[in-house]
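Engineer: the sequence and its predicted three-dimensional model are supplied below.
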Amino acid sequence: MKINNIDKISIAGLTLALSAILGGQILEGGSVHSLLQVTAFFIVMGGTMGAVMLQTTLPTFIHGIKLIKWVFIPPATDPHKLIKDMIVWSQISRRDGILGLESSIDRMSEPFNRKGMQMVVDGFEPQKIHEELSIEISVYEEHQRQAAKVWEGAGGYAPTIGILGAVMGLIHVMENLSEPSKLGGGIAVAFVATIYGVGMANLVFLPIANKLKTIIAEQVAIREMMIEGLCSIANGENPRNIETKLKGYIA
C-alpha cells in the first residue's frame, strides 16, 4: 500500500510504453509525424468517450474522470501507522475507559474513521459497529468500482472505434481512386485510427482501469482493518492481541 506521493511506476510505465512505440517507428525508418492524424484522433477519442457516456450516468462519468489522479497520486494508505494508532487507542481505552478516546476523534481526517470511533465512544456493540461500517464499505467499494469501469469501458470500445475509423478512411480512399493525390490522406487515417484505438485501449485505458481497481482494493482493506481494530477495542481486547490480528491484513 502506498503513501500519498507520486506513483513513480505509473509515470515510468507510461513513458516506457510511449517511448517503445515511437522509438520503434523511428528505428523502422518511419516518421513520428506520420502518426499524428487529427482526424483519426478525433474519431477514436470522440467515439470512445461518447460510447462510455452512453453507458454511464453523468455523476459516475465525472467521478471516473476525476479518479485518474489516483493513478499518479494515490490516496494515502499506511497500514503500519494504523496498527500503531490502534495500539495507542486500545491502551487509552484500557487505562481511561472508552470515553477517553473521545479526544482522538477530532484528530481524524477520514469521515469513515471518525464515524467508527464515534460509535465506539457512544457504546455501540461491536457487532453493530461491524455491521454498519461493513455496509458503508460495500457502498463505497461499489461506487468507486463503477467509476473505474468508465476507463474499462473506454478500453473495450476504443479498438472497435479505431476499426470504424479505418473503414471510414478506406471508404474515402475508394471514393477517390481517380484522384491519386487524395489517396495518401485516406490511407493514413485508416491505419492510424486503428493504431490509436488499439494503442489507447491497451496502453492507457485498460491499465488505468486495472490500477484504479488495485487502489480501490487497498482502500477497502484499510477500512476493513479499521473495523477490526475498533471492534476489538470495543470488546476490550489486549493491545498485543489487536496488533497480532491486524498484522494478518498485511502481506
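Structural biologist: Right, received. Where do you want to start? Numbering: from 1, shown residues only.
Engineer: show me the shaky parts of the stretch 151-251 of the chain.
Structural biologist: The stretch 151-251 of the chain contains residues with pLDDT under 70 at 176, 178-186, 188-189, 251.
Engineer: now do the helices in it.
Structural biologist: Along the stretch 151-251 of the chain, counting by DSSP state H, counting those that start in this stretch, helices occupy 183-200, 206-234, 239-247.
Engineer: so Thr194 touches Thr160, yeah?
Structural biologist: No: in this structure, Thr194 is not within contact of Thr160 by Cβ atoms under 8 Å, at 10.5 Å. Backbone N, C-alpha and C define where each C-beta goes, glycine included.
Engineer: who's in contact with Gly46?
Structural biologist: Shown in contact with Gly46 (Cβ atoms under 8 Å, 6 or more residues apart in numbering): no residues.
Engineer: buried residues of the helix or strand it falls within, list them for me.
Structural biologist: Counting by DSSP states H and E, the element that carries Gly46 is helix 38-55. Under the neighbour-count criterion of 16 or more other Cβ atoms under 10 Å, helix 38-55 has 39-41, 43-45, 47-49, 51-52 buried.
Engineer: show the average pLDDT along it.
Structural biologist: Mean pLDDT, helix 38-55: 93.
Engineer: angle of the helix or strand just after that helix against helix 38-55?
Structural biologist: Note on helix 38-55: by DSSP H and E, the next helix or strand toward the C-terminus is helix 58-66. With axes from the mean of the first three to the mean of the last three Cα atoms, to 10 degrees applied, the angle from helix 58-66 to helix 38-55 works out at 130 degrees.
Engineer: helix 58-66: which residues count as buried?
Structural biologist: For helix 58-66, burial by neighbour count (16+ other Cβ under 10 Å) applies to 60-61, 63-64.
Engineer: ok, so of those, who is nearest Asn235?
Structural biologist: His63 (36.3 Å; Cβ to Cβ).
Engineer: in contact with the closest one, which residues are there?
Structural biologist: By Cβ under 8 Å, 6+ apart, His63 lies in contact with 143, 146-147, 150.
Engineer: for the helix holding Gly46, list the C-alpha coordinates in PDB.
Structural biologist: Extracted C-alpha coordinates of helix 38-55, given in PDB (Å, rounded to 0.1, in the frame of the first residue of the first chain):
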ATOM      1  CA  VAL A  38      -6.000  14.800 -36.100                       C
ATOM      2  CA  THR A  39      -8.900  13.200 -37.900                       C
ATOM      3  CA  ALA A  40      -8.100   9.800 -36.600                       C
ATOM      4  CA  PHE A  41      -7.600  11.000 -33.100                       C
ATOM      5  CA  PHE A  42     -11.000  12.900 -33.200                       C
ATOM      6  CA  ILE A  43     -12.800   9.800 -34.500                       C
ATOM      7  CA  VAL A  44     -11.300   7.400 -31.900                       C
ATOM      8  CA  MET A  45     -11.400   9.700 -28.800                       C
ATOM      9  CA  GLY A  46     -14.800  11.300 -29.600                       C
ATOM     10  CA  GLY A  47     -16.400   8.000 -30.500                       C
ATOM     11  CA  THR A  48     -15.000   6.200 -27.400                       C
ATOM     12  CA  MET A  49     -15.900   8.900 -24.900                       C
ATOM     13  CA  GLY A  50     -19.400   9.100 -26.500                       C
ATOM     14  CA  ALA A  51     -19.900   5.400 -26.100                       C
ATOM     15  CA  VAL A  52     -18.700   5.500 -22.500                       C
ATOM     16  CA  MET A  53     -21.000   8.400 -21.700                       C
ATOM     17  CA  LEU A  54     -23.900   6.500 -23.200                       C
ATOM     18  CA  GLN A  55     -23.300   3.500 -20.800                       C
END
